[in-house]
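>>> next come a sequence and a model predicted from it.
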Amino acid sequence: MNTSEYWTIALNQQFRLIATLASSIRDLLPIVLVVAFFQLVVLQQPLPAFGNLLVGFLCVWLGLAFFIRGLEQALFPLGESIAFAFARKANIFWLLFFAFALGFGTTIAEPALIAITKVAAEVAAGGGIIENHKEALDSYALGLRLTVAFSVGLAIVIGVLRIIKGWPIQYLIIGGYICVVIMTLFAPPEIIGIAYDSGGVTTSTVTVPLVTALGIGLAESIKGRNSMIDGFGLIAFASLTPMIFVMAYGLVI
Amino acid sequence: MRELPQLLWETGSSTVADVLPIAAIIFGFHLLILRQRIPNLKSVLIGFLYVLIGLTLFLVGLEESLFPLGKLMAQQLTDPEFIRGTTTAVSDGLRWHDYKWVYLFSAAIGFATTIAEPALIAIAIKAHNLSGGAITVWGLRVAVAIGVAIGIMLGTFRIISGTPLYYYIITGYLIVVIQTLYAPRTIIALAYDSGGVTTSTVTVPIVAALGLGLATTVPGRSALLDGFGLIAFASLFPIITVMGYAQVGAWWLRRDAKRRKAPAGK
């Protein structure tokens, strides 16, 4: 690569970052409008600590633009390249093992999950399900975290199997819904709200692009699969299984 | 309030700790088990750096601006004093319809935070590329955001009225099942996915604050029992609106095709 080519690429990258910055401002505009309207018109309060707000907003804006660039440059290509590599090697065991590791590994350290399991332990102690001292609370919270992480790992495994086999997604998801409804009838009422919410908090900002790219890459490299119909759906499983498993946890403990 | 450099450092290190296991799993499998080189390694590594910088700045910025402000607003809007001031009724206790600004706020903030949700942008970019442009990035994002808005508004109504969570969720499931029978096949998996991506970084803290604020101020509600459930609403209703978006799109195309056919048939 000669110098002028190098500079063209470097400039191109700078240009892309600037273009992303421009589009990120549109992504954030609705928040600014909503906050300003409610603060100034409805609540009729001045904006507190305006300097902090401005600095914070600049950080959000830059951060979003950087993240989107990183997404297209690292997370999407990585997810796809690993899917292609697995498809070429055709080793189902390792693929499923990888799927489980990805689901479990990305969920166990998820800050939102750690926060919600702590509150869940307090709810359980308040309801008299466990004893109200630190050890019991901690072990309940950790058990819940492991349960959710395991269920997400299992979800990605089922999702990947489904892509390989070409099973229609709706039967599996509706089957899952039926499970949720049945479990709701039997689970202790204290756990239901937490179980329903835990489905939503498991999928973090880094996991979603990676897992989506993995699914689409698999669907593209397997003959007879359509990337729209078969490629999506992994996230859906990852938000469904935690509900079932958390309610099961509530039943067992 | 903590100083900015300290906040940057703390958030940065926790982001690294969050992303590191993921990177280790991916690179580990790629190099040790698949024994293949990663294509464009340099560009991928720079991209990973962008992800780390981006997430750190994003979270620090939220912590400095939107989160404290949003939580403060949620508190003020759910304050019984404020709500009494907005109604003309002689107050012998507040009724569900006295909370109109709370409903409007929950819908508006749900919509706005969903538009800014990075994971949703990622899914929308992919869907746009794969559908050959039939699904637009903004079309999908707006459809999802409307779903979240409806969901969170209903969720706040549930907390205020004190009805059981599962009534709503099970009704929502029924609608999803019926829609699945009629929706275009290509949208189904994407619609199911969009339920899970709506609630990651931006939406959850604000919505949780709103739920907690309501559950503590509405008489007869327990913060621990009734504060939960808003996230579940926010992940269910986008499925309905995304399938609806595709159904309206398909209906539009059919109508267009009919119109174009009609003069030729004469």
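Cool, got the structure. Numbers count the residues shown, from 1 in each chain, chains lettered A, B, ... in the order given.
>>> separation between A:Ile18 and chain B?
Distance, A:Ile18 to chain B, using C-beta to the nearest C-beta, to the nearest Å: 14 Å. From N, CA and C alone the C-beta is placed, and that goes for glycine too.
>>> please apply the same query to A:Ala238.
Counting by C-beta to the nearest C-beta, the gap from A:Ala238 to chain B is 6 Å.
>>> ok, that residue - how many residues close by?
A:Ala238: 28 surrounding residues under other C-beta atoms under 10 Å in any protein chain shown.
>>> now A:Gln44
8.
>>> same check, this time on B:Arg35
Neighbour tally, B:Arg35, other C-beta under 10 Å: 9.
>>> can you tell me the element it falls in?
Assigning secondary structure by DSSP states H and E places B:Arg35 outside every helix and strand.
>>> got the phi/psi numbers for it?
For B:Arg35, the backbone dihedrals (degrees, to the nearest 10) come out as phi 50, psi 50.
>>> show me what counts as buried in stretch B:149-161.
Buried residues in stretch B:149-161, defined by neighbour count with 16 or more other C-beta atoms under 10 Å in any protein chain shown: B:149-160.
>>> at the geometric centre of chain B, which residue do we find?
By C-alpha atoms, centre = their mean, chain B has its centre lying nearest to B:Thr198, at 2.8 Å.
>>> so who does it touch?
B:Thr198 makes contacts with A:200, B:114, B:117, B:120, B:144, B:147-148, B:234-235, B:238, as judged by C-beta atoms under 8 Å, 6 or more residues apart in numbering or on different chains.
>>> so for it, what's the pLDDT?
Per-residue pLDDT puts B:Thr198 at 77.
>>> swap in A:Pro46?
At A:Pro46, the predicted lDDT confidence score is 77.
>>> what of B:Ser106?
92.
>>> distance-wise, check it relative to A:Ala155.
Noted for B:Ser106: a distance of 29 Å to A:Ala155, by C-beta to C-beta, to the nearest Å.
>>> and the helices in the stretch 101-250 of chain B?
Secondary structure of the stretch 101-250 of chain B by DSSP state H, counting those that start in this stretch: the helices cover B:118-130, B:137-161, B:165-182, B:185-197, B:203-217, B:223-226, B:230-265.
>>> which one of these is the most hemmed in?
helix B:185-197 (a mean of 27; mean count of other C-beta atoms under 10 Å in any protein chain shown).
>>> just want the angle from that one to helix B:230-265.
Counting by axes from the mean of the first three to the mean of the last three C-alpha atoms, to 10 degrees, helix B:185-197 lies at 160 degrees to helix B:230-265.
>>> name the helices or strands packed onto helix B:185-197?
Judged by 3 or more C-beta pairs under 8 Å, 6 or more residues apart in numbering or on different chains; DSSP states H and E, helix B:185-197 is in contact with helix A:169-186, helix A:189-201, helix A:207-221, helix A:234-252, helix B:118-130, helix B:137-161, helix B:230-265.
>>> now the angle from that helix to helix B:118-130?
Going by the same axes, to 10 degrees, helix B:185-197 makes 170 degrees with helix B:118-130.
>>> quick one on the thing from earlier: A:Leu102: which of the contacts of B:Thr198 is nearest?
A:Gly200 (19.0 Å; C-beta to C-beta).
>>> could you tell me the least trusted of the helices and strands packed on helix B:185-197?
Minimum mean pLDDT among the helices and strands packed on helix B:185-197: helix A:189-201, a mean of 81.
>>> centre of the chain versus it, how much separation?
Here helix A:189-201 is found 16 Å from its chain centre; the criterion is C-alpha atoms, centre = their mean, to the nearest Å.
>>> in it, what counts as buried?
A:190-201.
>>> out of the helices and strands packed on helix B:185-197, nearest to A:Asp138?
Using C-beta to C-beta, the helices and strands packed on helix B:185-197 put helix A:234-252 closest to A:Asp138, at 15.3 Å.
>>> now do the contacts for residue 184.
Using chain A. Each residue near A:Thr184 by C-beta under 8 Å, 6+ apart is listed here: A:192, A:247, B:166, B:169-170.
>>> oops, chain B please
Going by C-beta under 8 Å, 6+ apart, B:Pro184 touches B:246-247, B:250.
>>> now with 7 Å?
Going by C-beta atoms under 7 Å, 6 or more residues apart in numbering or on different chains, B:Pro184 touches B:246, B:250.
>>> so what pLDDT did it get?
On the pLDDT scale, B:Pro184 is placed at 90.
>>> now it: phi and psi?
Torsion angles, degrees, to the nearest 10, at B:Pro184: phi -60, psi 140.
>>> any idea how far B:Ala191 is from it?
As judged by C-beta to C-beta, B:Pro184 and B:Ala191 stand 10 Å apart.
>>> how about A:Ala149?
Distance of A:Ala149 to B:Ala191, given as C-beta to C-beta: 26 Å.
>>> how about A:Gly79?
With C-beta to C-beta as the criterion, A:Gly79 and B:Ala191 are 21 Å apart.
>>> cool, A:Thr147 as well?
Separation of A:Thr147 from B:Ala191 (C-beta to C-beta): 27 Å.
>>> please apply the same query to B:Ala24.
For B:Ala24 relative to B:Ala191 (C-beta to C-beta), the value is 33 Å.
>>> tell me the pLDDT of A:Ala124.
As predicted, A:Ala124 sits at a pLDDT of 80.
>>> buried stuff in the helix or strand hosting it?
A:Ala124 is part of helix A:111-126, with elements assigned from DSSP H and E. Buried residues in helix A:111-126, defined by neighbour count with 16+ other C-beta under 10 Å: A:112-113, A:116-117, A:119-121, A:123-125.
>>> among the helices and strands packed on helix B:185-197, which is nearest A:Phe93?
With C-beta to C-beta as the yardstick, what comes closest out of those is helix A:207-221 (15.2 Å).
>>> which strands and helices sit next to the closest one?
Counting by 3 or more C-beta pairs under 7 Å, 6 or more residues apart in numbering or on different chains; DSSP states H and E, the packing neighbours recorded for helix A:207-221 are helix A:76-89, helix A:134-165, helix A:234-252, helix B:118-130.
>>> repeat the analysis, applying 10 Å as the threshold.
Here helix A:207-221 touches helix A:50-70, helix A:76-89, helix A:92-108, helix A:134-165, helix A:234-252, helix B:4-28, helix B:118-130, helix B:185-197, going by 3 or more C-beta pairs under 10 Å, 6 or more residues apart in numbering or on different chains; DSSP states H and E.
>>> mind putting those in TSV, distance to B:Leu34 included?
Formatted as TSV, those follow (distance: least, C-beta to C-beta, whole Å):
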stretch	distance to B:Leu34
helix A:50-70	23
helix A:76-89	5
helix A:92-108	8
helix A:134-165	15
helix A:234-252	19
helix B:4-28	10
helix B:118-130	23
helix B:185-197	26
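>>> contact partners for residue 227?
If you meant another chain, say so; for now it's chain A. By C-beta atoms under 10 Å, 6 or more residues apart in numbering or on different chains, A:Ser227 lies in contact with A:163, A:215-221, B:126, B:129-131, B:186, B:189.
>>> correction: the question concerned chain B.
Contacts were defined as C-beta under 10 Å, 6+ apart; by that measure B:Gly227 touches A:119, A:123, A:193, A:197, B:159, B:208-216, B:221.
>>> which of those sit farthest apart?
Most distant of the contacts of B:Gly227, by C-beta to C-beta, are A:Val123 and B:Leu210, 18.7 Å apart.
>>> make sure B:Pro219 is actually in contact with B:Pro80.
Yes. The criterion here is C-beta atoms under 10 Å, and B:Pro219 meets it with B:Pro80 at 8.6 Å.
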